[in-house]
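Asks: okay, sequence plus prediction incoming.
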Amino acid sequence: MIKCPEFLPNHLAEELVKETLQAKLLVTNQLLIGTAHSVELIRQRVGSVLGQDVVFFKAFLFLLTETTYEGVRVDDGEGWHNDASCNDVNGECINVWIPLYCSGQSSGVRVATRRDNEWLYSALPQAGARLDVLTKARRPDLFEGDGSDDLLVIDAANGAGISLKVSDLILQTAVGLSVGDAVIFSQRDLHQGIHGDGVRIQLTLKFVVDSNAAIAEETASSTSIKPTLSKHGVLERQLMRELLGLQAVHLRESGRVLPAPISFHEA
Ligand SMILES: [Fe+2]
């Protein structure tokens, strides 16, 4: 994981927020923003951080609030996962994780990188496979009662995997991020979103490293999935639009990101 504080200068953050507002958001949370000027500038910056050329692949926009995060907190793996969205193209795929609005100090991501946890990834049958992750807290039926292991990591395609203790993983954590910061990590690495307070609107840009694969820009034709009121449903889209609209105005007028709102306590 590479933490990049102040990765985007304010003018680029403002441009990115505006182009996010203009881009089409599919019901799958995919954002059609690949041709945006700000994304091209970010692509160049990512290439210079990594020292390798990268090619834009896909973008996703997420909203994290207490309620949208609840579904993650209670799933069988407590939100631990890797991404497999780039497995159909050549080359290593990286996530560039950019908060566009962040009012919480306890919101972010933790990653078990391959570099830090080679023993884990080398025990898995295929590099880059989609992994199913199950925790003892959520699925005690899958663990021996008196054993100390509390995490199962399983290759989703063939069922092979290993059992381990979360405390044996070396984790890198990025929280308390501000607009303009970025976090870069491999989509193959196990990661878990963290959300303790506030609201976070996050753009994930995916780039393929040094790929010869022809990557076509996604088009609006991929909208055939029936819309539903999901965790990122209609109401949340309205909230995202309004907060990003305020963020763009604030970046333009004050040159700074929106301050965190004054917190209130329930009676
Ligand atoms: Fe992910």
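Replies: Nice, I can see it.
Asks: just give me the neighbour total for Leu16.
Replies: A total of 27 residues lie near Leu16 under the criterion other CB atoms under 10 Å. All C-beta atoms are positioned from the backbone trio N, CA, C, and that covers glycine.
Asks: which outside residues touch stretch 239-254?
Replies: The contact list for stretch 239-254 (CB atoms under 8 Å, 6 or more residues apart in numbering) reads 10, 13-14, 17-18, 20-21, 61, 63, 65, 100-101, 179, 199, 201, 256-258.
Asks: what packs against the lowest-mean-pLDDT helix or strand in the chain?
Replies: Using mean pLDDT, DSSP states H and E, helix 66-73 stands out as the lowest-scoring helix or strand of the chain, at a mean of 77. With contacts taken as 3 or more CB pairs under 8 Å, 6 or more residues apart in numbering; DSSP states H and E, helix 66-73 sits against strand 190-195.
Asks: let's see that with 7 Å instead.
Replies: For helix 66-73, there is no helix or strand it packs on, judged by 3 or more CB pairs under 7 Å, 6 or more residues apart in numbering; DSSP states H and E.
Asks: quick one: buried residues of that helix?
Replies: 68-69, 72 (16 or more other CB atoms under 10 Å).
Asks: give me the angle between that helix and strand 190-195.
Replies: Using axes from the mean of the first three to the mean of the last three CA atoms, to 10 degrees, the inter-axis angle of helix 66-73 relative to strand 190-195 is 150 degrees.
Asks: then helix 66-73 to CSV, C-alphas only?
Replies: Taking C-alpha atoms only, helix 66-73 is exported to CSV below (Å, rounded to 0.1, in the frame of the first residue of the first chain):
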residue,chain,number,x,y,z
GLU,A,66,-23.6,4.3,9.2
THR,A,67,-26.5,2.6,7.4
THR,A,68,-24.8,1.7,4.1
TYR,A,69,-21.8,0.3,6.0
GLU,A,70,-24.1,-1.9,8.2
GLY,A,71,-24.4,-4.5,5.5
VAL,A,72,-20.6,-4.8,5.3
ARG,A,73,-20.2,-5.1,9.0
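Asks: next structured bit after it?
Replies: strand 93-102 (DSSP states H and E).
Asks: give me the buried subset of the contacts of stretch 239-254.
Replies: For those, a burial check counting by 16+ other CB under 10 Å picks out 10, 13-14, 17-18, 20, 61, 63, 65, 100-101, 179, 199, 201, 257-258.
Asks: from these, which single one is nearest Asp189?
Replies: Leu61 (21.2 Å; CB to CB).
Asks: pretty sure Leu61 contacts Leu31?
Replies: Yes: if you go by CB atoms under 7 Å, Leu61 and Leu31 touch, sitting 4.6 Å apart.
Asks: give me the common contacts of these two.
Replies: Common contacts of Leu61 and Leu31 (CB atoms under 7 Å, 6 or more residues apart in numbering): 20, 25.
Asks: how about Leu205, nearest residue that isn't a chain neighbour?
Replies: Distances taken as CB to CB, 6 or more residues apart in numbering place Val96 nearest to Leu205, at 4.4 Å, with adjacent residues excluded.
Asks: tell me the contacts of the one you found?
Replies: Val96 touches 42, 46, 182, 184, 205, 207, counting by CB under 7 Å, 6+ apart.
Asks: one more pass at 8 Å, please.
Replies: Val96 is in contact with 42, 46, 182-184, 204-207, counting by CB under 8 Å, 6+ apart.
Asks: from the residues you listed, which land in strands?
Replies: 182-184, 204-207 (DSSP state E).
Asks: most surrounded residue in those?
Replies: Most neighbours among the ones in strands among the contacts of Val96, by other CB under 10 Å: Phe207, with 29 neighbours.
Asks: could you find the closest non-adjacent residue to that residue?
Replies: Val54 (3.8 Å).
Asks: partners of that neighbour in the sheet?
Replies: Bridge pairing for Val54 (DSSP bridges) gives the partners Val209.
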